[in-house]
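Engineer: here you go, sequence then predicted model.
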Amino acid sequence: MRLWLAIFALCGSVGGQSTARLEGRVVSQTGEPLGKVTVRLQTTAPGIGGQVTQYLEVSDNAGKFVFESVPPGRYALFPERTGFSRVRTGDATPTIALQAGEVKKDVEIKLIQRGVISGRITDQDGDPVFEAPVRALRVQYDGTRRYLTAYAEATSDDQENFRILNLEPGRYYPMADNPRPRANLGTAEHRGRSAQNVEILTYYPSSPDFGGALAVDVGAGAEVRGVNIRMVKARVFSIRGKTVDSRSGAPTVAHLGLIPKGTDLDRLNGKDEASASSDTGAFEFGGLRAGTYILQASPDTRGLTGRMEVTVANADVEGLVFALYPPPEITGTVRIEDGDLGVLQRPPDFAALNRRPTGAGPRIVLSTFDVGGPMEAAGQVAADGTFKIQNFTRSVYTVHVDLLPPGTYIKSIRFGGQDAMKTPLDLTAGTGGVLEVLLSQKVAEVNATVHGDATAGISVTMWSKSPTLIDPLFRRAFRTGPDGTVRLTDMPPGEYYVAAWETNPNLTIPDFLARFTGLATPIKLAENDKAMVDLTLIPKDKIAAEIAKLP
């Protein structure tokens, strides 16, 4: 009996040591405790079946929270409370490693109160515009490409006032709309009279284009008042036509998109969408300003697609015939320079296994921003290195390799004699072709040492001086070990900057990184190089100051 109790006690002790405990506190930016914050503890890597494990706790009046009996592993903390967001330091979501039997204390989560933009919307005569949607737009980056996206929105009330709530501190571009007048132009009684002045999308304070927009800077917990928008009027027109199958000339159904041709920021209003009737193929886009537009058809169930430019001058465009064709097809091969194709079957990490079938190779991906937003088409690389990409729209694409095998880099991509690492693929004409991808295992590595106090877990970033189309902002991030050193592996040859950051600026913004080249260490790598660099920490106050200047 005593032996059984001893064994039971021992098992209970071992079981108790198999989990960890996490204690922390949620505070405001000024250090005051914040209660009623839902804190989510989530595994950073999917488990079996791609599932993640989550635990929830709510902070008390002193801002404290405790997670008991947590299995060992690496986790991320996500705080949630209406009207608050995590303080923007440039960090990616920080992760916490918990060991069996560990009690981790004094974890601090800092939140910042969100702000408000308020104002009035009036027409050109100063009269109120009721129930008008108004959006707070922010500049975003896709590699080196800038574009605008809506962060939050509101609607003007019966007193012409609006309030956009829950805005993170930062810079915004308010934009208002009054869609009813334009919508009325599509009714039967207005047909043929659509070339008239109506209110159009208007940026604060009163501009039809982004070039005349004024930014509004919102501070923590602040309300920026007096953001008054006076709507702009302009002549608008319609495009009417039908879609036909190019092979038979018969009307066909299609899903269509229309975007203005111009810079990325000009396209921020997004893509107008319409569907063509299956009986007649008829479609219509209304409320359009004069200009040139790209009319795009997404591949349908038969794979038909199309693209054409349409210019709206000073009248409606009537009787447009939009022919749809079978989509282009890209075939190709992936080769390993002086190597075995078997390397293609090695997944880069555990997380990658959940993104592709077991044993499958990497993907060749075509990416475009030309149709009003990011879009992709991809082909899986087979064991023999071949791939095929089908059912994509006619557009201009860049090429990259997703899930690149470890120990390799992209040495060249060629498309019919063209260097696709320097020149995008223009597939707007609907012709396909052959893509040749050459990988090399002659990767370089850099061994970096960070000097200063508390250098364990420091973010070290390496970015290219001359990025290519396949990786518009070549940026790789690593973290130092307990001794302040880190090995930067699988680097293509080239010229780079290397920097160590007191807080991790997880920002893929070229302008931001360019401000730190003077504090970074330049390095030039050849194939198979093994280089060493000593780094000094870039202080967090310098990082925060530059983050505050971001648009």
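Structural biologist: Noted; the coordinates are in hand. From a predicted model like this one, the values you see are computed outputs, not experimental measurements.
Engineer: show me where pLDDT drops low in the stretch 201-350 of the chain?
Structural biologist: 262-274, 278, 300-301, 346-350 (pLDDT under 70).
Engineer: 50 - rerun?
Structural biologist: For the stretch 201-350 of the chain, the stretches with pLDDT under 50 are 267-270, 350.
Engineer: I'd assumed K542 was in a helix, is it?
Structural biologist: Yes: under DSSP: H, G, I helix; E, B strand; the rest coil, K542 sits within a helix.
Engineer: count of neighbours near it?
Structural biologist: Using other CB atoms under 10 Å, K542 is surrounded by 15 other residues. All C-beta atoms are positioned from the backbone trio N, CA, C, and that covers glycine.
Engineer: name the nearest residue to it, sequence neighbours excluded.
Structural biologist: L519 (7.6 Å; CB to CB, 6 or more residues apart in numbering).
Engineer: where's the one you found, which helix or strand?
Structural biologist: For L519, there is no helix or strand it lies in under DSSP states H and E.
Engineer: kindly report the same for the one 4 residues further on.
Structural biologist: Applying DSSP H and E as the criterion places I523 in strand 521-525.
Engineer: related to what we said a few turns ago, the residue nearest to K542 and T393: what is the separation?
Structural biologist: When distance is defined by CB to CB, to the nearest Å, L519 is 43 Å away from T393.
Engineer: ok, those two, which is more surrounded?
Structural biologist: Shown here are L519 and T393; by other CB under 10 Å, T393 has more neighbours (23 against 16).
Engineer: now the residue nearest to K542. Its backbone dihedrals?
Structural biologist: phi -100, psi -10 (degrees, to the nearest 10).
Engineer: now for it: which residues touch it?
Structural biologist: A499, T536, I538, K542 (CB atoms under 8 Å, 6 or more residues apart in numbering).
Engineer: and those, which is closest to D157?
Structural biologist: K542 (43.6 Å; CB to CB).
Engineer: re the thing from before, what does the strand holding I523 contact?
Structural biologist: 444, 446, 465, 491-499, 531, 533-535.
Engineer: ok, now with 6 Å
Structural biologist: A444, M491, P493, E495, Y496, Y497, V498, A531, V533 (CB atoms under 6 Å, 6 or more residues apart in numbering).
Engineer: which helix or strand contains the last one?
Structural biologist: Spelled out, that is V533. Since the elements are taken from DSSP H and E, V533 ends up inside strand 530-538.
Engineer: centre of the chain to that strand, how far?
Structural biologist: 30 Å (CA atoms, centre = their mean, to the nearest Å).
Engineer: Q441 and G339 touch, don't they?
Structural biologist: Yes: between Q441 and G339 there is a contact under CB atoms under 6 Å: 5.2 Å.
Engineer: which one of the two has more residues nearby?
Structural biologist: Using other CB under 10 Å as the criterion, Q441 and G339 rank with Q441 on top: 19 against 16.
Engineer: for the more buried one, which residues are in contact?
Structural biologist: So Q441 contacts G339, G407, T408 (CB under 6 Å, 6+ apart).
Engineer: so how many other residues sit close to the second one?
Structural biologist: Counted with other CB under 10 Å, the burial measure for G407 works out to 16 neighbours.
Engineer: any idea of the pLDDT on the closest residue to it other than its chain neighbours?
Structural biologist: Nearest residue to G407, sequence neighbours excluded (CB to CB, 6+ apart): Q441, at 5.5 Å. Looking at Q441, its pLDDT reads 93.
Engineer: show me the shaky parts of this protein.
Structural biologist: 1-16, 90-91, 188-190, 194, 267-270, 350-359.
Engineer: which residues of it fall in helices?
Structural biologist: 2-16, 179-184, 350-353, 510-514, 540-547 (DSSP state H).
Engineer: the second one packs against which elements?
Structural biologist: Other helices and strands packing on helix 179-184, by 3 or more CB pairs under 6 Å, 6 or more residues apart in numbering; DSSP states H and E, are strand 196-200.
Engineer: paired strands for the strand it packs on, with orientation please.
Structural biologist: Strand 196-200 has the following sheet partners, assigned by DSSP bridges: strand 232-245 (antiparallel).
Engineer: list the contacts of the partner strand.
Structural biologist: 124, 194-195, 197-200, 202, 206, 208, 251-252, 254, 276, 281-282, 284-289, 310, 312, 316-318, 320, 322-324.
Engineer: who does the closest residue to K411 other than its chain neighbours bridge with?
Structural biologist: Spatial nearest neighbour of K411, chain neighbours left out: S440 (4.3 Å); criterion: CB to CB, 6+ apart. For S440, the beta-bridge partners under DSSP bridges are E337, Y409.
Engineer: could you do T449 as well?
Structural biologist: T485, D534.
Engineer: burial measure for it, as a count.
Structural biologist: 16.
Engineer: how many neighbouring residues does the spatially closest residue to P72 that is not a sequence neighbour have?
Structural biologist: Leaving aside its sequence neighbours, P72 sits nearest to A100 (CB to CB, 6+ apart; 4.7 Å). Using other CB under 10 Å, A100 has 13 neighbouring residues.
Engineer: what domains does the record give for this structure?
Structural biologist: 2-113, 115-230, 235-324, 330-440, 444-547 (automatic domain parsing).
Engineer: so what's R135 up against?
Structural biologist: Neighbours of R135 in contact, by CB under 6 Å, 6+ apart: A150, E153, M175.
Engineer: D158 too?
Structural biologist: F130.
Engineer: for the remainder of this discussion, apply numbering that starts at 58.
Structural biologist: Let's use 58 as the start, then, which means that last one is D215.
Engineer: excluding chain neighbours, what is closest to P265?
Structural biologist: V289 (4.7 Å).
Engineer: same check, this time on G338
Structural biologist: P308 (3.2 Å).
Engineer: so that neighbour is in contact with A339, correct?
Structural biologist: No: using CB under 6 Å, P308 is not in contact with A339, being 7.8 Å away.
Engineer: ok so, going back, and the residue nearest to P265, how far from V196?
Structural biologist: 22 Å.
Engineer: tell me how many other residues crowd D182.
Structural biologist: D182: 7 neighbours (other CB under 10 Å).
Engineer: quick one on the thing from earlier: just the buried residues of the contacts of strand 289-302.
Structural biologist: 251, 255-257, 259, 263, 265, 308-309, 311, 333, 338, 342-345, 367, 369, 373-374, 377, 379, 381 (16 or more other CB atoms under 10 Å).
Engineer: got the CA positions of the strand holding I580 in CSV?
Structural biologist: Extracted in CSV, the C-alpha atoms of strand 578-582 (Å, rounded to 0.1, in the frame of the first residue of the first chain):
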residue,chain,number,x,y,z
THR,A,578,26.6,47.3,-41.5
PRO,A,579,27.1,46.9,-45.3
ILE,A,580,28.3,43.5,-46.5
LYS,A,581,28.9,41.9,-49.9
LEU,A,582,28.5,38.1,-50.3
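Engineer: that strand vs strand 587-595, what angle?
Structural biologist: For strand 578-582 against strand 587-595, the angle by axes from the mean of the first three to the mean of the last three CA atoms, to 10 degrees is 160 degrees.
Engineer: what strands line up against strand 578-582, and which way round?
Structural biologist: strand 551-558 (antiparallel).
Engineer: buried ones in the strand it pairs with?
Structural biologist: Quick answer for strand 551-558 (16+ other CB under 10 Å): G551, Y553, Y554, V555, A556, A557, W558.
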